[in-house]
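In: Requesting a structural model of the entry that follows:
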Amino acid sequence: MNRSILFLAGLLSSAPCALAFAPTATFTVQRSATPAAATTDARVAPLHMSDAGEGTLNPATREKLQSLVDDNPVVIFMKGNKLFPQCGFSNTATQILNSYNIDFESVDVLADEEIRQGVKVFSQWPTIPQLYVCGEFIGGSDIMIEMYQSGELGEMIEKAKADMV
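Out: Take a look at the predicted model:
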């Protein structure tokens, strides 16, 4: 054990290893919200909410997404499905919806890359999961938590239940 510690201490104190742990940057990246600044330096990248631009959603994907939203009173685009969520945020969103004892549709974005990227453009929201209730985009798991705690999501779900009958 002591040999291991001494070996690691020796590695950390030597100059070549110190460089390996703290490399120097060869250039800096600057972010600017103004397009004029972006044209003066090729390394300046404007910040965008989503990597996918508004025009990159093909018509077939848009139609499929619109159909899913229109045909299901409650639909969630998530990683995994409602029986087997594949990330913590999707699991949280699923648990919230399950607490209302409502039948909802889940769409596994991991199964279709076009849907995964397309839903971000469709909603203009960069993260997954994404919840739609009665055709209206609600938000992700953080917004669902806030609305659940305030009771606002429960009211929307009750309206969706009524629409199902």
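In: Where does the prediction get shaky in the protein?
Out: 1-55, 165 (pLDDT under 70).
In: can you give me the strands in it?
Out: Counting by DSSP state E, the chain forms strands over residues 74-78, 80-81, 84-85, 105-108, 130-133, 136-139, given from the N-terminal end onward.
In: which one of those lies closest to Ala60?
Out: The stretch from these with the least distance to Ala60 (C-beta to C-beta) is strand 105-108; that distance is 15.5 Å. No exception for glycine: its C-beta is placed from N, CA and C like everyone else's.
In: what comes into contact with the closest one?
Out: 68, 72, 74-82, 86, 94, 115, 119 (C-beta atoms under 8 Å, 6 or more residues apart in numbering).
In: and if you look at stretch 131-142?
Out: For stretch 131-142, the surrounding residues in contact (C-beta under 8 Å, 6+ apart) are 69-70, 72-77, 89-90, 92-93, 96-97, 123, 125, 127-130, 143-144, 147, 153, 156-157, 159-160, 163.
In: Can I get that stretch as CSV, trimmed to CA atoms?
Out: Taking Å, rounded to 0.1, in the frame of the first residue of the first chain, the C-alpha atoms of stretch 131-142 are listed here in CSV:
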residue,chain,number,x,y,z
LEU,A,131,-44.1,15.8,-22.0
TYR,A,132,-47.1,16.8,-24.1
VAL,A,133,-50.6,16.9,-22.6
CYS,A,134,-53.7,17.5,-24.8
GLY,A,135,-51.4,18.5,-27.7
GLU,A,136,-49.5,21.1,-25.6
PHE,A,137,-45.8,20.9,-24.9
ILE,A,138,-45.3,21.0,-21.1
GLY,A,139,-41.6,20.6,-20.6
GLY,A,140,-39.0,18.3,-19.1
SER,A,141,-38.8,16.5,-15.8
ASP,A,142,-37.7,19.7,-13.9
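In: Show me which positions of that stretch end up buried.
Out: Within stretch 131-142, the residues that qualify as buried by neighbour count (16 or more other C-beta atoms under 10 Å) are Leu131, Tyr132, Val133, Cys134, Ile138, Gly139, Gly140, Ser141.
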